[in-house]
Structure formats: structure tokens, C-alpha cells
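> build me a model from this:
(one chain, ligands or ions: 3)
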Amino acid sequence: MSFFPRLRRGALVFLALALAACAATPPPSGAGATAERREPVTILVSIDGFRADYLDRGLTPNLNALAARGARAAMRPSFPTKTFPNHYTLVTGLRPDRHGVVDNNMEDPRKPGVLFKISNAEAINPFWWDAAEPLWITAERQGIRTGTSLWPGAEAPWGTTRPASWIRYDEHITSRQRVDTVLDWIRRPAANRPRFVTLYLETVDTAGHDFGPEGRETNEAVREVDGEIGYLVAQLQAMRQPANLVVVSDHGMEATAPERVVRIDRLVDAAAIHVVSDGPFMTLAAAPGHEAQVEAKLLGRRDHFQCWRKGELPARFAYGRNPRILPIFCLADHGWLLYARDLKPPFDLGNHGYDNEDPDMRALFVAAGPGVAKAGTLPLFDNVDVYPFVARLIGVAPRASDGDAATLQPLLRQGSGGAR
Ligand code: AMP
Ligand code: ZN
Ligand code: ZN
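Ligands and ions are numbered 1, 2, ... in the order given. Prediction:
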């Protein structure tokens, strides 16, 4: 029996042809009903605290699929292996000593008594960010529209320039909302659509701190964030939006334990030191008149840590000249922590901030898209090299940086993804 008993043969042929035409025509994208050929967008995604080897836990089918289409690598983060310094390195190509965001906690001799913390109002004050122009500003200045669904530094205006679209950081904005924000921007008509977007996801870092890099909850966060990447890719495909995805992290994660804490205040009088950061490293200044005593107690190799005067840190850290760095820098050994105060429970089972050569500090790099060649697994490289690569991917002339454009040059597929 026919499904169309009341239709005559001629009408059936017409219907069949119309259905075939529908199948061959892409669904409408954006507001118009006619299909539009969309220019590629480049999305720089940061999964905070995603250690490079999490990619091999069998939890990340979407990231692994991207890597199979393009490339993957373990990345050496810049020193110190903290969130704000490394995020600013990724979008400036400069090491923290040069871009000025030298730590998550900072003081500046030009602003006596003021502390920059990632959780206080100073974090969005341009004063702390203006030594280096981030990629979204360079892009806007070169006529390329940008959007930042979060990124450290993206809320600080650059003179009168900002990303065309941006949002205020709030930890309560879920990963899905952050992804949907990006998708909404990309759904706009071409004239208002960003060509370069950043997206920042933090749940893997939070779980890594709370439960450690081997924690079940950390694996859950890894699985969940991979699902968000899958959702992003699927939604982009549904709107026929070609996209270069560059998925990175800022640093890895190392297991910590209450038995591996050095109490610096038992080695020197707490009143003799002014501490700005503690944990995997400690930054401090001796109180006036206590310099010799503090240096004698701390400088050099000690049990489970090492301290240097700021100008005497190993050259490979490329760190120590910036005026925001305190006079003494102490670095804990693998998995150890330095504190000069009592810790409030619960104790964090994971942390980062260790030597950037430590394999547990290694960060994620995955890239795929029309502008990215299929290149398999690349050798370890420095995260300063991401900047010239992403700049070329979006067609922006990069500023001078510490990055080597040659490192990821073979990954750029000329002429197909906006690469120039
Ligand atoms: P860390 O202490 O280095 O692990 O920093 C990671 C934390 O930085 C995240 O868990 C967030 O709470 C916070 N964070 C990330 N981006 C921002 C931002 N743009 N503004 C304020 N805090 C942020
Ligand atoms: Zn981080
Ligand atoms: Zn962290």
C-alpha cells in the first residue's frame, strides 16, 4: 500500500525531487533562510589545570578525536606554573617576567600597600596588565572582531579598546553557559560575529586541587569537560560553522599531602618575613633590618626546597627581573609545600606552581580545524610558541614575543582556514 494514496504519480515525483533538494541543501545558518558560506572562526579554549597526560586516560573521546584530525602535544608551561601568568603568556607570547603578570598574587612598588589577587578587584585593573598587549586587542586593532567567554586579563580594558564581546568572570557561570555564550556570538549575522574567541573552563583545576590528579572526581571533571568540547563541536557543525579549535591548558597538577609541608615560620621568625604567595613556592621579603638573618636561614638548598635572591634564579626560569617579583623566591621540591601559617582544613590534595620542567606540570595542546594540518603528536614545546601560531591562524600580524613561530609553522594549512 502506498503512503500517499491520494497523490497522483506526477505529484509524487515532484515531492521526491523536493525532498532530495532539501537533503542536499545545508540547513539555514544564522538569521537568514539561505545558507551562507561562513568564514572560519578560531576558538582558543583553556581547560585550566588539564595535565597533558589526562588525554591518555580513556576519558576524552572528543579531545582525542580533535587530536586525530589535527595535532596534539605536551606543552612546557612558563614559570611560575600558575594560572594568571600562564594565561597571559598564551595570549601575548611573552614570559611572565616580561608581560608583568608575574604571579596570581602580586605587589608593585608603584602601588605601595596594594595587593593584586585573582579574587580581588585589582584583578581587572588595567594597571596590572598593560605591559603586554593581548591577542584580542591586537586582533580588534587589525579589524578582526573578538569575543572572550572568559580569560584572565580579558576584563581589563586596553585604553578604549575591549573585545567586541566579553563577560565578567563569575565562578558560578557553568561550563555549558560559557560554551553557549560562545555559540550565541557565532550564531550572529556575519557583521557582528567574532572571528577569534577565547573560552575558559576551570572545573578540572578545581577538582584537581580538591581531590588530587588521581582523584575520581578529577577524572569525572575531565570526562565532563570533554563532553562540553563535544557539545561545542557538534553545535558548530550543526550551524555549518568552520572552526579552528586550539585547546590548551595553563599547567598540570601534582599530588600534595599534609606530610609534605615545610613550615617556613619554624625556620625564621614569622615577624621577620613578609609573604605574598605560598604553596608550591613562596615569595617573600625580609622585614627591614632582618635581611641578613632571613637570607642566612633560607638561601640555597634546604630540606625539600630551595631559595634564591630574585636576580639569581636559574636562567631557564626566565624569571627574576620584573620589579613585581619579591626579593626572595623559594621553590618546593616535587609534591612539597611551603607555608608560614596554619592551614585551614580541608587540605588540598593537588597543586601546581612547581618547576616548569616537572613532567606533572606539563600542559595540554590540541589543535584541529580547516587551518590546521594533520600532524599527529608533536614533540614537547614551550607555551610561548602558541601565540604566533594562533595569531597566524586568525590572520593577525603578531607582535614581537618570546615565542618561536617556527615551532608550530608546520601545523598551519595555508589558504584554507584563515591562515596567512
Ligand atoms: P590557581 O590558583 O592558579 O589554581 O587559579 C585558578 C582559579 O583562578 C580558578 O579556579 C578561578 O577561581 C580563578 N580564575 C580564573 N579566571 C579568573 C578570572 N578571569 N577572574 C578571576 N578569577 C579567575
Ligand atoms: Zn590554572
Ligand atoms: Zn589551580
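
> in which helix or strand does the nearest residue to residue 90 once chain neighbours are set aside reside?
Distances taken as Cβ to Cβ, 6 or more residues apart in numbering put residue 386 closest to residue 90, at 5.3 Å, once the chain neighbours are dropped. Quick note: C-beta positions are derived from backbone N, CA and C, even for glycine. If you go by DSSP states H and E, residue 386 is part of helix 386-394.

> which residues sit against that helix?
42, 44, 75, 89-93, 135, 138-139, 144, 195-196, 244, 246, 248, 365, 367, 369, 371-372, 397-398, 401, 403-405, 407-409, 411-412, 417-420 (Cβ atoms under 8 Å, 6 or more residues apart in numbering).

> per-residue confidence at the residue found closest to residue 218 once you drop the neighbours it is linked to in the chain?
Leaving aside its sequence neighbours, residue 218 sits nearest to residue 207 (Cβ to Cβ, 6+ apart; 4.4 Å). The score at residue 207 is 98. That number is its pLDDT.

> try residue 335
98.

> for the nearest residue to residue 193 once chain neighbours are set aside, list the residues it contacts.
Spatial nearest neighbour of residue 193, excluding adjacent residues (Cβ to Cβ, 6+ apart): residue 186 at 6.0 Å. Applying Cβ under 8 Å, 6+ apart to residue 186 gives the contacts 41, 193, 194, 197, 236, 239, 241.

> next: residue 133.
By Cβ under 8 Å, 6+ apart, the contact set of residue 133 is 92, 158, 399.

> measure it to residue 403 for me?
14 Å (Cβ to Cβ, to the nearest Å).

> again with residue 324
Residue 324 sits 22 Å away from residue 403, going by Cβ to Cβ.

> who has more neighbours out of those two?
It is residue 403, of residue 324 and residue 403, that has more neighbours when counted by other Cβ atoms under 10 Å, with 26 against 21.

> which SS state does the more buried one fall under?
When classified by DSSP: H, G, I helix; E, B strand; the rest coil, residue 403 comes out as coil.

> likewise the one 5 residues further on?
Three states are possible here, and by three-state DSSP the one that applies to residue 408 is helix.

> ok, and the closest non-adjacent residue to it?
Counting by Cβ to Cβ, 6+ apart, the residue nearest residue 408 is residue 389, at 3.8 Å.

> poorly predicted segments of the stretch 1-150 of the chain, please.
Across the stretch 1-150 of the chain, the ranges flagged by pLDDT under 70 are 1-34.

> how many neighbours does the closest residue to residue 388 other than its chain neighbours have?
Leaving aside its sequence neighbours, residue 388 sits nearest to residue 405 (Cβ to Cβ, 6+ apart; 3.8 Å). Applying other Cβ under 10 Å, we find 16 residues neighbouring residue 405.

> wait, residue 405 touches residue 398, no?
Yes: using Cβ atoms under 8 Å, residue 405 is in contact with residue 398, at 7.4 Å.

> tell me what the helix or strand hosting the residue nearest to residue 218 is packed against?
In the assignment (DSSP H and E), residue 207 maps to helix 203-211. Applying 3 or more Cβ pairs under 8 Å, 6 or more residues apart in numbering; DSSP states H and E, one finds that helix 203-211 makes contact with helix 216-238, strand 350-351.

> so it versus helix 216-238, what angle?
Interaxial angle of helix 203-211 relative to helix 216-238 (axes from the mean of the first three to the mean of the last three Cα atoms, to 10 degrees): 180 degrees.

> and the contacts of helix 203-211?
47-51, 54, 83, 175, 215, 217-218, 220-222, 224-225, 249, 253, 346, 348-351.

> quick check: residues of the stretch 151-300 of the chain near ligand 1?
For the stretch 151-300 of the chain, the residues in contact with ligand 1 (Cβ under 6 Å from any ligand atom) are 152, 169, 171, 200, 202, 205, 206.

> count of neighbours near the fourth one?
Other residues within reach of residue 200, judged by other Cβ under 10 Å, total 22.

> ditto for the last one
By the criterion of other Cβ under 10 Å, residue 206 has 16 neighbours.

> follow-up on the earlier one: now for the residue nearest to residue 218, how many residues are close by?
For residue 207, the count of nearby residues is 25 (other Cβ under 10 Å).

> do residue 334 as well
A count of neighbours around residue 334, defined by other Cβ under 10 Å, yields 15.

> which residues are in contact with it?
Counting by Cβ under 8 Å, 6+ apart, residue 334 has contacts 254, 354, 355, 358, 360.

> how near is the first one to ligand 3?
Residue 254 is 11 Å from ligand 3, where distance means Cβ to the ion, to the nearest Å.

> ok, the contacts of residue 186 vs residue 288, which is closest?
Closest to residue 288 out of the contacts of residue 186 is residue 197 (48.3 Å), distances taken as Cβ to Cβ.

> which helices and strands does the one helix or strand the closest one maps to pack with?
Assigned by DSSP H and E, residue 197 belongs to strand 196-201. With contacts taken as 3+ Cβ pairs under 8 Å, 6+ apart, strand 196-201 sits against strand 41-47, helix 135-141, strand 146-149, helix 175-187, helix 216-238.

> name the surrounding residues that touch the longest one.
Taking Cβ under 8 Å, 6+ apart as the criterion, the residues outside helix 216-238 that touch it are 27, 43, 45, 47, 50, 54, 57, 59-63, 66, 175-176, 179, 182-183, 186, 199, 201, 203-204, 206-208, 210-212, 243, 245, 247, 253, 350.

> hmm, the helix or strand just after it touching ligand 2?
Later in the chain than helix 216-238, the nearest helix or strand by DSSP H and E is strand 243-248. No: using Cβ under 5 Å from the ion, strand 243-248 never reaches ligand 2; the gap is at least 11.1 Å.
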